[in-house]
Structures are given as structure tokens and as C-alpha cells.
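Participant: structure for the following, please:
(2 chains)
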Amino acid sequence: MNNFRWRFLLIVVIVGACLWAIIPPDQKIRLGLDLKGGVHLVLRVNTDDALRLETSTAAESLREELEKAGVTGVTVTVASPTQFQVSGVPPGQDAALRTAATALQTTFDRESVPGAFTFTMKPNRQVQLRDEAVVQAQQTIDRRVNDLGVSEPVVARQGGASGDQLLVQLPGVSDVPRAKEIIRSTAMLELKMVEQGPSATKEGLLQASGGQVPPHLDVVPGVEEAQPGERPGTVYYLVQKTPVVTGRDLRNARPSLDSYNQPAVGFSLNQEGARKFGKATGENVGRQLAIVLDGQVRSAPRIDSRITDEGIIHGSFTQQEAADLSLVLRSGALPASLTYLEERTIGPSLGADSIRKGIVASLLSLAMVIVFMLVFYRLSGVNAVVALILNLIILLGAMAYINAAMTLPGIAGFILTMGMGVDSNVLIFERIKEELAAQRGVRASINAGFSRVFLTLVDTHLSALIGAAFLFQFGTGPIQGFATTLFFGLVSNLFTSTFVSKTLFEMVLAKRQVESLSI
Amino acid sequence: MEIFHNPNFNFVKYRWPALILSWIIIAAGIATIYVKGLPLGVEFSEGTVVVLEFAQTPSIDRVRAAVGGSFGGGENIVVQTYGPATDRRIMVRVPDAGRESGGELSQSAEQIERGVRAANLGEFKVVSTEIVGPTVGADLTRKGLLAFGLSLFFILLYIWFRFQLSFAVGATIATLHDVLVTLAFLVFFRFDISLNVIAALLTMTGYSTNDTIVIFDRVRENLRGTRRDNLVDLVNSSINQTLNRTLITGGTAFLAVIALFFLGGEVLKGFAFTMIVGMITGTYSRIYIAAAIVTFWPHGKGGARIAASAPPTAAKAGPTARQRKSGRSVRAS
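Facilitator: Residues are numbered from 1 along each chain as shown, chains lettered A, B, ... in the order given. Sure, this is the predicted structure:
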């Protein structure tokens, strides 16, 4: 008749599983940034960059196609990240332009007035590119922070599926400027053939081509090749627009030393890259090859012989800089530049302080509540205290299972859960007292107390859960920790204050005939 | 042990003076906000907060002077001790961050550090920095308001579904009242509206609704009973019947929050303060706002008519809830 045995067993199993999940606590409970110390960054991926790249690549390829088709005197200008214009198309050459532009049909919309065409990127392509840029940036940053050796980093997209913000949390990192620099550096490596230069001024560089930049070439600034100790000035190079190889062809990059025994970055190429590189260097022995990093020529060594898969980047690095550059090159280039929107750094000492204070406050609250319940409800108070402690164990266990981080607001959530737990017990006990006062038997009073209050508890807990759900939706970092704690606290509280507490009463009642209740 | 044995206070009698008192507090709060502005935390506006730990605590004025130089006079700079004096920590807050584009976001933070270092105030280290650019701040404010509005709306729907419209409106207005009163106190005591404070406001909202539901539940139960008193008496006796519970839970939860306020450290102080105010006003508003609105609601006389005048959803929800409940009590006994 009494089914409390299996109920008791169920409680033991649940509590046991939770205990197993949290012991030892210093290993099993993950601490949030505010308790552990570290840096929390929110950054925006400037997705316009990715669009601009696609647009200018399209514009460049159309220009080349037109050149091949013999259409001359045409100017191609990139007007915005999503738009470029072709003007000066000679009368009667419209058809040739349309043919040249067939490859762009899937990604660009074309509008025309006589002699001029406007190409605008299709909206769905824009959305796709922006999304890809954010995903790629997220992956790249993830590789970089892992490479940095940060334990348990978080790199997550914020603001839903169309959001362009990334949240980066690096626990335990103290050199914030360095971490920020590593995350942000675009690390766009391009190896380009040099046509002219170096020259101290742009004008000097363009003398040979009559002051104009030829269409397939680019002017790129660089640092002067200086002896160690000298301060290098700025020089300019005229280079091919199309790179021989890019960072995508890299297989590896590592810090090394150059011929002056200065820190440098050595890199090796993958098979495809080595093939392209070997062909280009073989055909251009004696010419200079510019190593362009993020739009700046780092060095422009002369090609002495055919090189296939190895190279070195030098130019006044410190050892740290060489190591960091190798790291970002290994992780690949970012598809777009990044902007920091928010930065929080919590020193480890402050975190340790917070956790100590939080725990002291929690324990004191717990002690006060326990004493109060025991004084007020005597033996039934023991029941409430057991329920309360099991509640906290289950809550901690649930947090450990889903690997939720404990934050400072999370500790506050614990204290509030304690409050809610006591509230549920008080509601039930007061009701039992009322029933006892109405001269019902002990067993009937307990049953009535639990069953009448159950519905109230469901109502109060559900409405609190609605609040917690929205808090979780809206919350960033710490607040989410609070909402998570509150959520699991509410659920486990409903379990302990009704199921556990009632089972405890029934166990006592089953053993002997009880005449009066200590409540 | 009991606090009151069969209490029978006439709470509802004082509903008018109580309403007036609430509105005086709220009006004063709104006036203060209008004059002084809402003290938004750095998360919601834009700005930089740096906490410095000194070897020897310098005077606040000297730190202010050191920082003020590089931030144009420093009228908008907040410099205050952070935590107990033994921690030797000072918080500096300036209302701007570095520019998001181009300039580094951490410009202002570095500027503060340089300023203090240049002023020769002894050894110190930066223990925490918090920099929020304008985009994030605006974003968060929007999301925060949205989260609050939505959670309030869905709680209203829930209570409407489980009880009836007058109860839902009463609970919602009581919640709004609590939030306004708490905001007023936060403004009087110049607590920054930080993310933690928002979390406390939302929690407090949950608590206040919780308590309101407990009373409403009793009103609903009494309505179903054999007695057909007039509504004012019925609400009053429901409040009295739940009074012991109200005082006991209010008391214990209050103990917990007080501990948090005094021992929880600087970060949780705003949180705990908000909860303290919220719990006091919540205890009061569930009686004088939520329950009072139910009595003001044009139900006609007598509780028996409530169900008849209730909207269809609530009328439908009533009997089903009752069936469900009776089903449960059968199982439980």
C-alpha cells in the first residue's frame, strides 16, 4: 500500500547522481569569468568588408573579360560594398559587355543607361556573404584562442542567426592587449610579384608608367629594408594585383630566425600552393617577390632560384611578435575586419574576492534560514531543512551536468532559490496547521496540506519560470548565469518541496500511528 | 509556533490612503529621474569603468583631480571607493569609451591609468575594466525593455488563463507599481541601474507575482466555498488567512537578501538593495494594489457573480482547473 519505498529510492538516485556530478566541487563546477578572472569581449564583424571584396573581385574580372573581348576605353569603379559601375562603354559594344558579364548573372543584378552599367549584388547573396563572414570569423577566432592556450574559451555568435556580433570569453587571460591584437589581426598574407620599386615616393614609382597606376597593378606601401637598429622609413612598391599565393595556400607557419639572426616567421605551403609558387618563382628568377601582410609589404626578397614550398617573412619583429604572427597565419585570415564593442576585464584577485564573499553570504543565509525553520516548525522544520539542502544539491548537480558556469549573479540565484524553497515549505506547513486546527487527523491534514498547496506552487513556479525564460533570452554573460540558476532552482524546488518533503512525512507516518504533529 | 492566531485585520479598509501613498512615492521618483536623470550603469549607456587597487588608498579628490585633467574638467566623472576600506580599491567611471571605429575601444581606460600614474599616488594595479561602446549599450537597453515587457505580458496571460482578467490586471499593475517604487528608491540612493540591478528587478517581479498568486489562489478557493460573502470581505479574509505565510517567507527571504547586501561584496550590493526594496514594496503591493484592484473591479456585488461576468477564456479555464485539481487530490490521498 505504501509506495514511499520506490519514491525514497528515486530521491536517493537523483541526489546520488547530482552528488556524483559535483564532487569534488573545485573540479566539477565551472566558474564564470566574474569569479575566475579573465576577459570578456564583444566584437562586431564588419561584414561590409567581405561584400566589398566580392564586389571588387567581380569588377576586376569583368574588366579583364572586357579587355580580352577587345572593348577599350571602359572605366570600372567600385561605388559601394555592394555596387560597381561600368562607364564609357562605346556605342554598339553593349552586347559584348553583356556577354562578358554572363558569369556575374547569378550574383549581381544589372541596370543600364546608354553607355553605362550598374551592377548591384543580389540581396540573397549579400545575406549569404555576411553570414559566411561571421561564421568564418568565429571559426578563425576559435582556432586562434585555442592556439593561444586559453582553457575553456567561449567564442559565440550573438544576436541570433543574422547577428554580426561575436562574444569572446577568455578565462584566466591577463595580457588583454595582446589577446585583443591576436584576435583582431586580419592576417591576410599575399605574395605578389613586384613590377617597380621600392621607391620613396608614389610619384617616383609611377614615373615609368606616366604617373598612372596601370589597371592590373597596385601600389602597396611597405617598410624600408633596414639594418637592425636603424629606423625604417616608408617605401612604395608597384605590384601585380593578383597574388601568386595567399594565406589560404599555407600549410604551416612558425617563428624562426632570418639571416641576420633576427626573429622572423617561416612558412611552408600546401601542395597546391607549392605548385603555383614553384611555377611563378621558376619563371621569374631575378625579380623581386613582395610579401604583403594586411596590405603592407613586409619584405620583398629577390628570387634567386625556383622555390617550391618554403619561405620566410622578416622585418623588425620581436620574438613575441614573430610567435603571434605565426599563430594568426596558421589560423588563417579573417574574412572581414573586426571592431571591439565591449570589453570587461576582471582581475583574478577581484574574482577570488567575489567568490569568497558570495560563499560567505550564501552560507550565512543558509544558516539563518535553517535556524529559523527549526525554531519555528520544530521537527517538521527538519523536514524542510532536508528538502532545502537536497534542493541545493540537485541545483548544483544540474548546473554541473549542463556545464553551466557559476557566476556572481548565479550565487545570488542560489540565495533566491533558497528563499523560494522556504516559501514552498512554509505555504505547505501553514496549510497543514490550518487543517489541524480544523480538527482533522494528522494524516488527513498532511495530505490536504500538500494537495491544496500543490496547485498554488505550480502557479507561482510557472510564472517565475516565465520571468526566468525571458531573462535568459535577453541576458548576456552573467545574467544568463543568473537565469540558468533560477530556472533549475525553480524546477528542483518544485520537486523537493512537494515530492521529497511529502515522502519524508509519509516515512514517519508509516512507522507508527502518529497522534500529533510537531509543526 | 504562530505569529498570529486567526488574524482578522481589516486591510482593505485602508486601500485608498495606501494607493495615494504609493503614488506620492512614484511621483517623487519620476520627478527625481526627470531632474537628475536615470543613473544608468555603464552597460546601458556608454563608458568606461576602471577599478584600481592601491597600496595606500589616496583620497578620492586626488584621484578625481588626476583623472579629471584628461577628461575635460571631470564633471561627469564618478570616483568612489569600491568595497570596504581594507580592500583599498577605488572605482573610476567616465562617460565615454574610445571610438568604436578607428581608435581603440580601450583608449579611455588607458587614459585613466596614465592619469593616475602621472599623479604619483603610489603603487596601484588595475583589477577590473569594463568598457562599453554605444552600440552595445543601445542594444542592451532595447533588449532589456523588451524582455521586461514580454515577461510581464506573458505572466498576465498566464494569470488570466489560470484565474481571471481582474486578477491578471491586478497582478500586473502591482508589478508595475513595485518596479516604479523600486526605481524611485534606486534613484534616491543613487544606485547605478546595472545589469545586476535589472536581474534583481526581474526577480523581484517574479517574487511579487508569486505572492500575489498565493493570495489570489486563496481568494479563488474561498470563492468556491459555501460562503457567499461580499467580495471585499472575502478578499480581506483571504489576505488574513495567508498572513502568517506572508510574514514568515517574507521574513526568511529578507534575511537572505540582507546577508547578501552586507556580505555579498560590492558587485552584488545594487542587486541586494533592489531586492530589499522590492520585497518590502511587493509585500505591501500585493495587498493594497493587486487585491484592491480585484475589489474595485466591476464584478457586481457578491463573489458568485464573478464567474458569470468573467471573460470566456477564464470561465472555461475555471472548471477545467477545478477538475484537474480534484483529480490530483484523489491521487494524493
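Participant: got the contact list for the helix or strand containing A:Arg144?
Facilitator: Remark: A:Arg144 resides in helix A:123-147, with elements defined by DSSP states H and E. Identification of contacts with helix A:123-147 by C-beta atoms under 8 Å, 6 or more residues apart in numbering or on different chains yields A:45, A:47, A:49-51, A:54, A:82, A:107-108, A:121, A:153, A:155-157, A:161-164, A:166, A:168, A:170, A:179, A:182-183, A:327-328, A:330-336, A:338. C-betas here are computed from N, CA, C, even on glycine.
Participant: again with stretch B:18-35
Facilitator: Against stretch B:18-35 from outside (C-beta under 8 Å, 6+ apart): B:177, B:180-181, B:183-185, B:187-188, B:284-285, B:288-289, B:292.
Participant: could I get those residues as JSON lines with distance to chain A?
Facilitator: Compiled in JSON lines, those are given as follows (distance: C-beta to the nearest C-beta, whole Å):
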{"residue": "B:His177", "distance to chain A": "17"}
{"residue": "B:Leu180", "distance to chain A": "17"}
{"residue": "B:Val181", "distance to chain A": "18"}
{"residue": "B:Leu183", "distance to chain A": "17"}
{"residue": "B:Ala184", "distance to chain A": "21"}
{"residue": "B:Phe185", "distance to chain A": "19"}
{"residue": "B:Val187", "distance to chain A": "22"}
{"residue": "B:Phe188", "distance to chain A": "23"}
{"residue": "B:Tyr284", "distance to chain A": "17"}
{"residue": "B:Ser285", "distance to chain A": "16"}
{"residue": "B:Tyr288", "distance to chain A": "20"}
{"residue": "B:Ile289", "distance to chain A": "17"}
{"residue": "B:Ala292", "distance to chain A": "20"}
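Participant: what is the nearest of those to A:Leu269?
Facilitator: Nearest to A:Leu269 out of the contacts of stretch B:18-35 is B:Leu183 (C-beta to C-beta; 62.1 Å).
Participant: picking that back up, ok, of the contacts of stretch B:18-35, which come out buried?
Facilitator: Buried members of those, counted by 16 or more other C-beta atoms under 10 Å in any protein chain shown: B:His177, B:Leu180, B:Val181, B:Leu183, B:Ala184, B:Phe185, B:Val187, B:Tyr284, B:Ser285, B:Tyr288, B:Ile289, B:Ala292.
Participant: for the fourth one, give me its contacts.
Facilitator: This points to B:Leu183. Going by C-beta under 8 Å, 6+ apart, B:Leu183 touches B:Gly29, B:Ile33, B:Leu38, B:Ile193, B:Leu201.
Participant: nearest spatial neighbour of the first one, chain-adjacent residues omitted?
Facilitator: Spelled out, that is B:Gly29. B:Ala184 (2.3 Å; C-beta to C-beta, 6 or more residues apart in numbering or on different chains).
Participant: secondary structure element holding the one you found?
Facilitator: helix B:165-188.
Participant: quick check: next helix or strand after that helix?
Facilitator: For helix B:165-188, the following helix or strand on the C-terminal side (DSSP H and E) is helix B:195-224.
Participant: and the average pLDDT for that following helix is what?
Facilitator: If you average the pLDDT over helix B:195-224, you get 83.
Participant: what angle separates that helix from helix B:165-188?
Facilitator: 150 degrees (axes from the mean of the first three to the mean of the last three C-alpha atoms, to 10 degrees).
Participant: mind checking if helix B:195-224 is in reach of chain A?
Facilitator: Yes: contact between helix B:195-224 and chain A, assessed by C-beta under 8 Å from any C-beta of the partner chain, occurs at B:195-196, B:198-200, B:202-203, B:205-207, B:209-210, B:213-214, B:217, B:221.
Participant: what is the nearest of those residues to B:Asp61?
Facilitator: B:Asn196 (28.3 Å).
Participant: excluding chain neighbours, what is closest to A:Ser518?
Facilitator: A:Leu379 (3.6 Å).
Participant: typed the wrong thing, it's A:Gln212
Facilitator: Closest to A:Gln212 by C-beta to C-beta, 6+ apart is A:Leu206, at 6.7 Å.
Participant: surely that neighbour meets A:Pro214?
Facilitator: No: counting by C-beta atoms under 8 Å, A:Pro214 is not a contact partner of A:Leu206; they are 9.0 Å apart.
Participant: compare neighbour counts for those two and give me the winner.
Facilitator: Between A:Leu206 and A:Pro214, counted using other C-beta atoms under 10 Å in any protein chain shown, A:Leu206 has the larger neighbour count: 19 against 14.
Participant: just the local confidence number for that one, please.
Facilitator: So A:Leu206 comes in at 77 (pLDDT).
Participant: who's in contact with it?
Facilitator: A:Leu206 touches A:Gln196, A:Gln212, A:Val213, A:Val219, A:Leu238, counting by C-beta under 8 Å, 6+ apart.
Participant: widest-spaced pair of the residues you listed?
Facilitator: A:Gln196 and A:Gln212 (12.6 Å).
Participant: I'd like the mean pLDDT over stretch A:128-140, please.
Facilitator: For stretch A:128-140, the mean pLDDT works out to 88.
Participant: how many neighbours does residue 212 have?
Facilitator: The chain I'm using is chain A. 8.
Participant: right idea, wrong chain: chain B
Facilitator: Neighbours around B:Thr212, by other C-beta under 10 Å: 31.
Participant: who's in contact with it?
Facilitator: B:Gly170, B:Ala171, B:Ala174, B:Thr175, B:Arg286, B:Ala290.
Participant: can you pick the most crowded of the residues of helix B:195-224 next to chain A?
Facilitator: For those, neighbours tallied by other C-beta under 10 Å; top is B:Thr209, 31 neighbours.
Participant: residues contacting residue 178?
Facilitator: You didn't say which chain, so I picked chain A. With C-beta under 8 Å, 6+ apart, A:Arg178 has these contacts: A:Gln320, A:Asp324.
Participant: switch to chain B, please.
Facilitator: B:Met204, B:Thr205, B:Ser208, B:Gly278, B:Thr281, B:Gly282, B:Ser285.
Participant: next to chain A, which bits of the stretch 51-200 of chain B? Give me the list.
Facilitator: So the stretch 51-200 of chain B meets chain A at B:51, B:53, B:83, B:87, B:100-101, B:104-106, B:109, B:125-133, B:135-136, B:139-140, B:143-144, B:146-148, B:150-151, B:154-155, B:158-159, B:162, B:195-196, B:198-200 (C-beta under 8 Å from any C-beta).
Participant: hang on, I meant the stretch 201-333 of chain B
Facilitator: Counting by C-beta under 8 Å from any C-beta, the residues of the stretch 201-333 of chain B near chain A are B:202-203, B:205-207, B:209-210, B:213-214, B:217, B:221, B:241-242, B:244-245, B:248-249, B:251-253, B:255-257, B:259-260, B:262-265, B:267-268, B:271-272, B:275, B:321, B:325, B:328-329, B:332-333.
Participant: go again with 7 Å.
Facilitator: B:202-203, B:205-206, B:209-210, B:213-214, B:217, B:244-245, B:248-249, B:252-253, B:255-256, B:259-260, B:263-265, B:267-268, B:271, B:325, B:328-329, B:332-333 (C-beta under 7 Å from any C-beta of the partner chain).
Participant: can you say which of the residues you listed are buried?
Facilitator: Buried by 16+ other C-beta under 10 Å: B:202-203, B:205-206, B:209-210, B:213-214, B:217, B:244-245, B:248-249, B:252-253, B:255-256, B:259-260, B:263-265, B:267-268, B:271, B:325, B:328, out of these.
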